[in-house]
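[1] need a structure here:
(one chain, ligands or ions: 2)
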Amino acid sequence: MQQLYAEMLMRVGEDPSRDGLLRTPERMEKSMAFLTRGYNQTVEEVLHEALFDVDYDEMVIVKDIEFYSLCEHHLLPFFGKAHIAYVPNGKVLGLSKLPRIVDVFARRLQVQERLTQQVAEAVQAAVNPQGVGVVLEASHLCMMMRGVEKQNSSTVTSSMLGVFKEQVQTRNEFLSLVRPQR
Ligand SMILES: Nc1nc2c(ncn2[C@@H]2O[C@H](COP(=O)(O)OP(=O)(O)OP(=O)(O)O)[C@@H](O)[C@H]2O)c(=O)[nH]1
Ligand SMILES: [Zn+2]
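    Residues are numbered from 1 along each chain as shown. Ligands and ions are numbered 1, 2, ... in the order given. Down below sits the predicted model:
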């Protein structure tokens, strides 16, 4: 990787041997490993069996979970907030595990739609709840600092499973609770 990054610096017109850039390939390699560490993680290992029997069958929502990902088309960041809800079916998940599931999939090369679906499916598989709702709102640097150069657009995606798909009322309850307060 470090050789490739040094080559890249040269191709963009830089001198990889100048003082400020000497350790840049090494830093980039480390940084890229961090930004894509989701490839080395599985949902099972981050969940750590934090499933609890609870007699609660109302909606659980964890909202405003910040995430950072890389778009697979340009390898530029897209980032924003994830909102996750589920209606339990005898078991609940340790709360911190929802953000951890987001990160397992966000720290890969992604499109926002697939990231949204993967998070919803992972929660469904982990908790076996009555249903799952996931909404992601994000800004894409590939649309801001290059390309169409639109600074204020945001992209909203959602994935609804089980009762969130079948029952308009459940979906609306979720959507009204995560709606941005303006
Ligand atoms: N659906 C989807 N598209 C994305 C996402 N991230 C980036 N893109 C889009 O991927 C598309 C790639 O389009 P291309 O025409 O192949 O590439 P490009 O010439 O760099 O496109 P522009 O960004 O329009 O300059 C662009 O429209 C991006 O906005 C994402 O998460 N989901
Ligand atoms: Zn992009």
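[2] And the residue most central in space within the chain, how close does it get to residue 78?
    Geometric centre of the chain, nearest residue: residue 106, 3.4 Å, by Cα atoms, centre = their mean. Distance from residue 106 to residue 78, counting by Cβ to Cβ, to the nearest Å: 9 Å. For the C-beta atoms, the positions are set from N, CA and C on the backbone; glycine is no exception.
[3] So for the closest residue to residue 41 other than its chain neighbours, what's the pLDDT?
    Nearest residue to residue 41 in three dimensions, chain neighbours excluded: residue 104, at 4.8 Å (Cβ to Cβ, 6 or more residues apart in numbering). Note on residue 104: pLDDT of 98.
[4] contacting residues around residue 75?
    Residue 75 is in contact with residue 109, counting by Cβ atoms under 8 Å, 6 or more residues apart in numbering.
[5] Which secondary structure element is home to it?
    Assignment of secondary structure by DSSP states H and E places residue 75 within no helix or strand.
[6] What separation do you get for it and residue 122?
    Distance of residue 75 to residue 122, computed by Cβ to Cβ: 24 Å.
[7] pretty sure the residue nearest to residue 41 is touching residue 38, no?
    Yes. Counting by Cβ atoms under 8 Å, residue 104 touches residue 38, with 4.9 Å between them.
[8] Give me the common contacts of residue 106 and residue 78.
    68-69.
[9] Show me what stretch 175-182 is in contact with.
    Stretch 175-182 is contacted from outside by 59, 61, 63, 83, 85, 133, 135, 137, using Cβ under 8 Å, 6+ apart.
[10] buried subset of these?
    Among the contacts of stretch 175-182, the ones that count as buried by 16 or more other Cβ atoms under 10 Å are 59, 83, 85, 133, 135, 137.
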